[in-house]
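Visitor: Here is a sequence with its predicted model. Questions after.
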Amino acid sequence: MAPLEFGLSITPMWPRQDEVLRLAQVADEGGLDLVGIQDHPYQWRFYDTWTLIAYLAGRTTRLRFFPDVASLPLRPPAILAKAAASLDVLSGGRVELGLGAGAFWDAIEAMGGPRRSRGDAVEAIEEAIDVIRLVWSGERGVRYEGRHYRLSGVHTGPRPVHEIGIWLGARGRRMLDLIGRKADGWVPSASWAPPEDLPGYLKRIEDAAARAGRDPNSIRRVYNLMGAIGPTTGDRLVGPVSFWVDELGRLAKMGMDAFIFWPSGEEPVAQAETFAADVVPAVRAGGDPSG
């Protein structure tokens, strides 16, 4: 099994620039591993995700960043691959790639992107995985002919300096099968994949991986957890440090191996500090909040 990793989600709100930077610094200074940034280019309150990732990578020293998840219909895969590889080189191997088939189709179409049926969206993201890996190959004259994407003699480069993971955010049956067959990881969110549903999703991914001759344990399981750390326990993911330590330990035993905390409510910086200082060390120590 992969080692446990922990991260922070940062909402890319341009009216809160100071808070956005401080959250990244808290994650970096607090020893977290990852920062995920949602990708909704049509949201007027949001920075462009890739631009923000590049900025934050330059203001931190050790974190790995990933779009959580990139909106494929608005980001052609060859260009997305070039951007990810470039930033991986410039940052010293600190980029992963979360990828989504698309949502909010009215907004995507309003911004010039294609409106896809569910079947077309699955087909397009599978083609995109192939295209991205070809662009990362460093080969010359690369060609690819798909129904949605094509390459016609592309000279690729630069190559990433580490093996960038392609993590898909999805829950449909065909998408879960695709993750098992071809992707490097799964990025569910507790809002649409609550803990009680995880075993069924994981079984489908693992069965698909086994049929494809892959080791199911090689697939990263990156869980987005929206909630709050506070003195009282509430609905879902709301509770004190001890609650979060127990919950993350339980989820790790279920097979999840990376946790992205999305602080909700007031004082997200203070919550992020508590997550990094108190929750994460206790989970890594095996569940003792006292360390």
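Guide: Sure, I can see it. Numbering: from 1, shown residues only.

Visitor: Give me the neighbour count for Gly146.
Guide: Applying other C-beta atoms under 10 Å, we find 15 residues neighbouring Gly146. For the C-beta atoms, the positions are set from N, CA and C on the backbone; glycine is no exception.

Visitor: so what's it scoring on pLDDT?
Guide: Looking at Gly146, its pLDDT reads 98.

Visitor: show me what contacts it?
Guide: Contacts of Gly146 were listed using C-beta atoms under 8 Å, 6 or more residues apart in numbering, and they are 127, 130-131.

Visitor: Please produce a ChimeraX select command covering the buried subset of those residues.
Guide: What follows is the ChimeraX syntax for the buried subset of the contacts of Gly146, where burial is set by 16 or more other C-beta atoms under 10 Å:
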select :127,131
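
Visitor: Name the spans of the protein whose pLDDT lies under the cut-off.
Guide: The model of the chain has pLDDT under 70 over residues 1, 234, 287-291.

Visitor: Tell me the gap between stretch 241-248 and the middle of its chain.
Guide: For stretch 241-248, the separation from the chain centroid amounts to 22 Å (computed by C-alpha atoms, centre = their mean, to the nearest Å).

Visitor: re the thing from before, looking at the contacts of Gly146, which one is closest to Asp215?
Guide: The closest of those to Asp215 turns out to be Asp130 (C-beta to C-beta; 20.7 Å).

Visitor: Could you check which helix or strand contains the closest one?
Guide: helix 118-135 (DSSP states H and E).

Visitor: Export the contacts of Gly146 as JSON lines, with columns for distance to Asp28.
Guide: As requested, the contacts of Gly146 are arranged in JSON lines below (distance: C-beta to C-beta, whole Å):
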{"residue": "Glu127", "distance to Asp28": "35"}
{"residue": "Asp130", "distance to Asp28": "34"}
{"residue": "Val131", "distance to Asp28": "32"}
